[in-house]
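Undergrad: Predicted model follows, preceded by the sequence.
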Amino acid sequence: YYKFLMPLVFSQLNPDEFPNEFRDGLIKARKLWEAGEQEGAVTTFWQHVEKLVARAQMLWAAGEHEAARDLVRAGYTPVLAHPVLRSWVPLAIITVSENPWWTKEKRDPDAREPLLREAIAVARQVSGDDNEDLASALLLLGQLLIQRNQYVEAEGLLAEALRICRKRTGDEHPFVPRILDLLGTALRGQGKFTEAETRYRETLEIQRRLLGEEHPNTLAWMRKLSSVLDDQGRHAEAEALAADLIAKWRRRAEESGASADDLNAYAWTLLTIKPADLRDPLAALLPAQRAGELTARGNADILDTLALAYQMTGDIDKAVETQREALALLPPDPTPRRTPMESRLGKYLTAQGRFAEAEPLLLDSYKWMADTIHAAPHILQEFAERIVLLYDAWDAAEPGKGYAEKAAEWRAKLEAIQPPKSQNAETPK
């Protein structure tokens, strides 16, 4: 990096060909490099890349999509004229999109879109339709679109990424399991449950072959396959697979020296597995407590599991206390990790009769999941169900104060949230 790429950047790129947001930084970085201050030169270089990208993202957020694209293109177009550096442009754009140090956890996922679309266009321009950078950008954009429920476009992007990777090294390519998993999600989101099942089975077989029957990744895909079988009404098959999954997690959790992650995963499975009659909160409590001890109660996800175990075994006070502990370990701003925990805390507070405390947690969580990350319908249903329970309980405790009407309003919203219907599943027997 220091001996090959950066010397080319500082010696052969003309600052006058770049936008104002970047030109001065490149001049300053070049001077530092010539003075022997390599670390300072590289830091300065990337700080000014940051400024250019931040400006492009502001334009994108304001709806000025073409202006945002033009600015990004102006930032890399001079490099495309360089016979060596041009091949690094797609990877550089991808790296910037995936490492947004300028916004840290507050980043808007949508701000990555213009960068990833540019990476795809440049990768095609530089290396054609069969290269690693193109596959990477297609995968990442497909994943972003899935987060927004844009399943149709995501399916096409991921199918192309899969073709590229399998053409290069077959199923041994490290991207293949991830692409198959995302393809399964995109297909499932469209109600194409049979096709999703095929992709999940492919992924599961690859993971079994590469990682073994009881590797955590293998078990994660077993659970997804069980869920998509249940989607198709094949409940007996789903239940058999789920029971096998629980047995495998139990063996891992009962091993001498089992890790906190394995104990937590076993407990979470016992608490949340479908079908619900396989759940066993009492059996989940001990591994959840042990995972908390092994991490000195310093892992938010493990405490989240423990709080759920307390709630499902009837100890609401400990559930609330533990969930507050979990949230205290996380940054205060909404994230896909923090927000579901806040919604669960709202549910526990409802059970305590602390309705006024629960209400903002539940309403704000639902709004953020719906408006910011465009959560899938089955996730929004769960968040909305908690709000209905809140207003029903509040009305029972304080009738005649408008809570029944709010419950009815949210019940209507809940009914309007429709998960995808199967386009190809057989009628359950």
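TA: On my side now, so go ahead.

Undergrad: Break down the stretch 101-250 of the chain into its strands, ranges please.
TA: Assigned by DSSP state E, counting those that start in this stretch, the strands in the stretch 101-250 of the chain number zero.

Undergrad: which residues of the chain score low on pLDDT?
TA: 1-4, 21, 96, 98-111, 421-429 (pLDDT under 70).

Undergrad: top helix in it by residue count?
TA: When the chain is scanned for its longest helix (criterion: DSSP state H), the result is helix 38-61.

Undergrad: how about that helix: buried residues?
TA: Neighbour counts using 16 or more other Cβ atoms under 10 Å place 41-42, 44-46, 48-53, 55-57, 59-60 of helix 38-61 among the buried residues. Just so you know, the C-beta spots here come from the backbone N, C-alpha and C atoms, and that holds for glycine as well.

Undergrad: Now do the contacts for the nearest residue to Met312 once chain neighbours are set aside.
TA: Leaving aside its chain neighbours, Met312 sits nearest to Pro281 (3.7 Å; criterion: Cβ to Cβ, 6 or more residues apart in numbering). Listed by Cβ atoms under 8 Å, 6 or more residues apart in numbering, the contact partners of Pro281 are 270-271, 309, 312-313.

Undergrad: helices or strands up against whichever helix or strand comes after the longest helix of the chain?
TA: Tracing the chain C-terminally past helix 38-61 and defining elements by DSSP states H and E, one meets helix 65-80 next. Packing contacts for helix 65-80, counted by 3 or more Cβ pairs under 8 Å, 6 or more residues apart in numbering; DSSP states H and E, involve helix 20-34, helix 38-61, helix 89-98, helix 113-127.

Undergrad: what angle sits between helix 65-80 and helix 89-98?
TA: Computed with axes from the mean of the first three to the mean of the last three Cα atoms, to 10 degrees, the direction of helix 65-80 lies at 130 degrees from that of helix 89-98.

Undergrad: Give me the neighbour count for Val9.
TA: The criterion is other Cβ atoms under 10 Å. On that basis, Val9 has 19 neighbouring residues.

Undergrad: Tell me who's in contact with it.
TA: Residues touching Val9, when contacts are defined by Cβ under 8 Å, 6+ apart, comprise 45, 85.

Undergrad: Could you list the buried residues of the host helix or strand of it?
TA: When secondary structure is defined using DSSP H and E, the element that contains Val9 is helix 5-12. In terms of neighbour count (16+ other Cβ under 10 Å), helix 5-12 has its buried residues at 6, 9-10.

Undergrad: again, but for stretch 411-418
TA: Buried residues in stretch 411-418, defined by neighbour count with 16+ other Cβ under 10 Å: 411, 413-414, 417.

Undergrad: One more: stretch 198-215?
TA: Of the residues in stretch 198-215, those buried under the neighbour-count criterion (16+ other Cβ under 10 Å) are 198-200, 202-204, 206-208, 214.

Undergrad: for the residues you listed, which one is nearest Leu134?
TA: Of all the buried residues of stretch 198-215, the one sitting nearest Leu134 is Arg199; the distance, using Cβ to Cβ, is 20.7 Å.

Undergrad: Against Ile120, how distant is the closest one?
TA: With distances taken as Cβ to Cβ, to the nearest Å, Arg199 is found 22 Å from Ile120.

Undergrad: which phi and psi does His273 have?
TA: One thing to correct before we go on: residue 273 is Ile, not His. Note on Ile273: backbone dihedrals following degrees, to the nearest 10 are phi -60, psi 150.

Undergrad: mind checking how far stretch 304-319 is from the chain centre?
TA: The chain centroid and the centroid of stretch 304-319 are separated by 25 Å, computed with Cα atoms, centre = their mean, to the nearest Å.

Undergrad: got the end-to-end distance for it?
TA: Taking Cα to Cα, to the nearest Å, stretch 304-319 runs 9 Å from one end to the other.

Undergrad: if we look at it, which residues are touching it?
TA: Residues lying outside stretch 304-319 but in contact with it, judged by Cβ under 8 Å, 6+ apart, are 264, 267-268, 271-272, 279, 281-282, 284-285, 288-289, 291-292, 320, 322-323, 326, 341, 344-345, 347-348, 351-352.

Undergrad: so of those residues, which ones are in helices?
TA: 264, 267-268, 271-272, 281-282, 284-285, 288-289, 291-292, 320, 322-323, 326, 341, 344-345, 347-348, 351-352.

Undergrad: Now restrict the residues you listed to buried residues only.
TA: Once neighbours are counted (16+ other Cβ under 10 Å), the buried part of the ones in helices among the contacts of stretch 304-319 comes down to 264, 267-268, 271, 281, 284-285, 288-289, 291-292, 320, 322-323, 326, 341, 344-345, 347-348, 351.

Undergrad: Next, the contact list for Thr350, please.
TA: When contacts are counted by Cβ under 8 Å, 6+ apart, Thr350 touches 358, 362, 386, 389-390, 393.

Undergrad: ok, 10 Å please
TA: Thr350 makes contact with 316, 357-359, 361-362, 386-387, 389-394, according to Cβ atoms under 10 Å, 6 or more residues apart in numbering.

Undergrad: how close does it sit to Ala288?
TA: Per Cβ to Cβ, Thr350 is found 22 Å from Ala288.

Undergrad: Report the contact partners of the residue located most distally from the centre of the chain.
TA: When each C-alpha in the chain is compared with the mean C-alpha position (Cα atoms, centre = their mean), Ala35 comes out farthest, at 43.0 Å. With contact set as Cβ under 10 Å, 6+ apart, Ala35 has these partners: Ala41.

Undergrad: So what does it have for phi and psi?
TA: According to degrees, to the nearest 10, the main-chain angles of Ala35 amount to phi -90, psi 0.

Undergrad: Also Thr372?
TA: Thr372 has phi and psi values of phi -90, psi -50 when expressed as degrees, to the nearest 10.
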